[in-house]
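In: build me a model from this:
(2 chains)
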Protein chains: 2
Amino acid sequence: MGTCRPDAAMPDSRLPVAVVATGNELLDGRAADTNLVRAARLLAPAGARIVFHVTARDDIGAIADAIRLARPRARVLIVSGGLGPTRDDVTREAVSAVARRPLVEHGPSLVRLARRLPRATAQLAIQRRQALVPRGAVVFPNPAGSAAGFALRLQGCWCVVLPGVPREFDAMLSRVVLPWLHRRGLLRRPAFARALTFCGVPESVADDAIDRLGIPLHGLEIALTVHEGIVKIVLTSREGEARPSTRGRDAAQRILELHRALRRRFGEFVVSAEGRSLEETVARLLGRRGWTVAVAESCTGGRVARLLTSVPGISASFLEAVVSYSNRSKIRRLGVPAASIRRHGAVSVPVAEAMARGAARTAGADVGLGVTGIAGPGGGTPEKPVGLVCFAAWARGRVETAVRRFRGDRMEVQERAAVAALDLLRRMIV
Amino acid sequence: MGTCRPDAAMPDSRLPVAVVATGNELLDGRAADTNLVRAARLLAPAGARIVFHVTARDDIGAIADAIRLARPRARVLIVSGGLGPTRDDVTREAVSAVARRPLVEHGPSLVRLARRLPRATAQLAIQRRQALVPRGAVVFPNPAGSAAGFALRLQGCWCVVLPGVPREFDAMLSRVVLPWLHRRGLLRRPAFARALTFCGVPESVADDAIDRLGIPLHGLEIALTVHEGIVKIVLTSREGEARPSTRGRDAAQRILELHRALRRRFGEFVVSAEGRSLEETVARLLGRRGWTVAVAESCTGGRVARLLTSVPGISASFLEAVVSYSNRSKIRRLGVPAASIRRHGAVSVPVAEAMARGAARTAGADVGLGVTGIAGPGGGTPEKPVGLVCFAAWARGRVETAVRRFRGDRMEVQERAAVAALDLLRRMIV
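Out: Below is the predicted model:
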């Protein structure tokens, strides 16, 4: 799941934040809590870190209990969810109970609510609960929805209450709450940080390399994550940039040294020295050369196309993909020689190469990419087991091929093969 | 995020479980905690429910603190993560501290570890920590990895400690821990449950319909989730089936009545009366008819193909997809008339229809599906705004078309349009 090597000897100057997530759906398997990940990513560059997280049922007692547990563990407590109009939405009542302050109607929020409702009166009776806040709370308007957020002080800790809908949670945290925390002087200026993305380097090798570079690591936080074969390293100084002590500047210098040394050490395996994703990197490389690309994919079933088309503006470079699940499709659409399939099998390097050439030629693209393999669970043989995938990239006459064996279930093989295909393309056009 | 209407008046007979997740990567934005969702889904049909969840840093004190908070709130406590061989892996030390039992080496686990290592001696020195368990603990072998799990009693609560790697966590929970809890008599037999999947019905409409059917809901748990336009309802009895009280049987009967009434009420919007996903349902419908399908997709960029190819065995029905990002590709690959694109624009119903027909004809498939739209963020006009998507399905001469406008960012438009395309196909071949 990734490793992180904090330096226990260094004090951490970042603002400690606790998070209370509310919602039965988070505990009964209906929904994953994605707010925590995004909150952490918004808070980290602002110089804050999450130190504690608890999930509570939609129940006044359970939420109040969670708030009481989290409060003494941080200076800011973010409570998310349970601010809607239905009877399950009881977060404001729980906060009111813990703070011992009655709920009062907030006039401006009621006016905003009324404006959002098409037929005011009937709906407003149900919805007006969303304008209630504990007496004396700071009220935050919601730029993306109807329920207002609010903050109030609980014995030395600011308790910030936000809607749980991800879009509203993000909008309020980034556009309203973070600026407010800045104004109150709770956040320092962002910590100095650099990121680096690799493909084809095991996490343990990257981690080990950092130790062997001989650069002192005190005062730095080194976070490694791995996702579908992409390793991302984020190097962060634990000192804010606002008051650059000798120590802080030194940390920033060592981050730049580490960043440079890692680039040199891993060379062609470095996808991006700015922490960009693989698909963004490929899109930028194609754009810089003014080249177009076409894809022929079999076992990845559209996942290579999906990765590329997730990048806005890719239509300038990406012409088309053919997802060929049958031999007939490979032969007719892409001009793969039937003899080649007979002789080598549909999952083979010659067929992958013919697919890459065929994709480029039939689409009139500068670059072609071919992927063919066995995603499983069925279809494997002793010679060609489940997880075996053949790749080819063709770029204006040059060809590169690769064969890989992926472990995991059908979905893991499909997703990792799509990443490996894009990385082969990246290496050809970098 | 989904609603759930528990009945506060009814006692809950399910086993209360608390979860402590450990790992800095869960708190600093590097990884989402997916174990919680999957644990809840494995526990629910076994008659258990998660009542409390807390995330702790990789720190002995923080993990011990979290265990002390969670223990009195449940009868079983699952602690995940921190059992690996590196210095961040301190969960066993934290459990040992809370239980006041020293760590001892577990012989059979050490033997298993040694067998897994290619070159035994050098590696074993680093890895052998993984064979340590608190004295007197019940040790669980790991069917999918190297670190053993274990359980020990903490004042009336069974504390079960498992590796955090999702594949290992799942394998141990489902294949080792749940059977063990059954044998100890902690789990009842599964609760009676029925599921239903819809497409095209807003969550609030489905929720409202349940109230209006006039079937008493006491003793039932009604869970609604919505994901990319698919609403799933799970109806569960709060009484285990093991000791069917009059009340329990009655709840099961009312679940069957509700299930039947909802199927009748929503008719063609029902994707599956067994809770199957949309793509599984489409794959089954195609398989039952022995029909083949080809896809022509533009703005969805491979996502329709990806959904279909996520189903094992789909190669019997799915022939190919063409991801046409350029007009040229639509004309040359699919035979879309250039005049039609000129007259109506690439995003139009006539072009979607020509894409569906062209996909089926050129692939020799029984069924063709066409999708063309504007995913954004750029490319919108007042007449054809971002989020506008045109669909067509062609099945042996019959054609159905649809136009939809989706809200949200590029990814949301792409994913929801792919789901809507498959649903149009489902309706044609059901």
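In: which other helices and strands contact the one helix or strand A:A151 maps to?
Out: Per DSSP states H and E, A:A151 falls inside strand A:149-154. Secondary-structure packing of strand A:149-154 (3 or more C-beta pairs under 8 Å, 6 or more residues apart in numbering or on different chains; DSSP states H and E): helix A:91-99, strand A:132-134, strand A:138-140, strand A:157-162. C-beta coordinates here come from the backbone N, C-alpha and C atoms, glycine included.
In: among these, which is the most enclosed?
Out: strand A:157-162 (a mean of 24; mean count of other C-beta atoms under 10 Å in any protein chain shown).
In: that one near chain B at all?
Out: No: using C-beta under 8 Å from any C-beta of the partner chain, strand A:157-162 stays clear of chain B, coming no nearer than 13.4 Å.
In: return that strand as PDB; C-alpha atoms alone will do.
Out: Provided in PDB are the C-alpha atoms of strand A:157-162 (Å, rounded to 0.1, in the frame of the first residue of the first chain):
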ATOM      1  CA  CYS A 157     -10.200  22.700  18.600                       C
ATOM      2  CA  TRP A 158     -12.100  24.200  15.600                       C
ATOM      3  CA  CYS A 159     -14.900  21.800  14.600                       C
ATOM      4  CA  VAL A 160     -15.700  22.400  10.900                       C
ATOM      5  CA  VAL A 161     -18.800  20.700   9.700                       C
ATOM      6  CA  LEU A 162     -19.200  20.100   5.900                       C
END
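In: check which element follows that strand along the chain.
Out: helix A:166-172.
In: so which bits of that following helix are buried?
Out: A:P166, A:E168, A:F169, A:D170, A:A171, A:M172 (16 or more other C-beta atoms under 10 Å in any protein chain shown).
In: shaky segments in chain A?
Out: Within chain A, the segments meeting pLDDT under 70 span A:1-12, A:117-123, A:125, A:189-190, A:239-249.
In: redo that, cut-off 50
Out: A:1-2, A:7-10, A:120, A:241-244 (pLDDT under 50).
In: and the buried residues of helix A:166-172 as TSV, adding distance to chain B?
Out: Putting these into TSV (distance: C-beta to the nearest C-beta, whole Å) gives the following:
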residue	distance to chain B
A:P166	8
A:E168	11
A:F169	10
A:D170	11
A:A171	12
A:M172	16
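In: closest one of those to B:A148?
Out: A:P166 (37.2 Å; C-beta to C-beta).
In: give me every residue that touches that closest one.
Out: A:P166 sits next to A:T34, A:N35, A:R38 when contact means C-beta atoms under 8 Å, 6 or more residues apart in numbering or on different chains.
In: what do you get for A:P382?
Out: So A:P382 contacts nothing (C-beta under 8 Å, 6+ apart).
In: contacting residues around the helix or strand in which A:A392 is found?
Out: A:A392 is part of strand A:388-395, with elements assigned from DSSP H and E. Identification of contacts with strand A:388-395 by C-beta under 8 Å, 6+ apart yields A:291, A:299, A:347-349, A:351-353, A:355-357, A:359-360, A:366-374, A:380, A:399-406, A:413, A:417, A:420-421, A:424-425, A:427-429.
In: in strands, which of those residues appear?
Out: Using DSSP state E to define strands, the subset of the contacts of strand A:388-395 located there is A:367-373, A:399-405.
In: out of those, which are buried?
Out: Neighbour counting over the ones in strands among the contacts of strand A:388-395 (16+ other C-beta under 10 Å) leaves A:V367, A:G368, A:L369, A:G370, A:V371, A:T372, A:G373, A:T401, A:A402, A:R404 as the buried ones.
In: just put the residues you listed in a markdown table and tack on distance to chain B.
Out: Converted to a markdown table, these look like this (distance: C-beta to the nearest C-beta, whole Å):
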| residue | distance to chain B |
| --- | --- |
| A:V367 | 14 |
| A:G368 | 14 |
| A:L369 | 12 |
| A:G370 | 14 |
| A:V371 | 12 |
| A:T372 | 12 |
| A:G373 | 12 |
| A:T401 | 22 |
| A:A402 | 21 |
| A:R404 | 19 |
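In: nearest to B:H182 among these?
Out: Here the nearest of those to B:H182, counting by C-beta to C-beta, is A:G373; it sits at 39.4 Å.
In: these two touch, right, A:R101 and A:R135?
Out: Yes: A:R101 is within contact range of A:R135, at 4.7 Å (criterion: C-beta atoms under 8 Å).
In: go through chain A and flag its longest strand.
Out: Assigned via DSSP E, chain A shows its longest strand as strand A:230-240.
In: who does that strand touch, helix- and strand-wise?
Out: Checked by 3+ C-beta pairs under 8 Å, 6+ apart, strand A:230-240 has strand A:191-199, helix A:203-212, strand A:220-227, helix A:246-266 packed alongside it.
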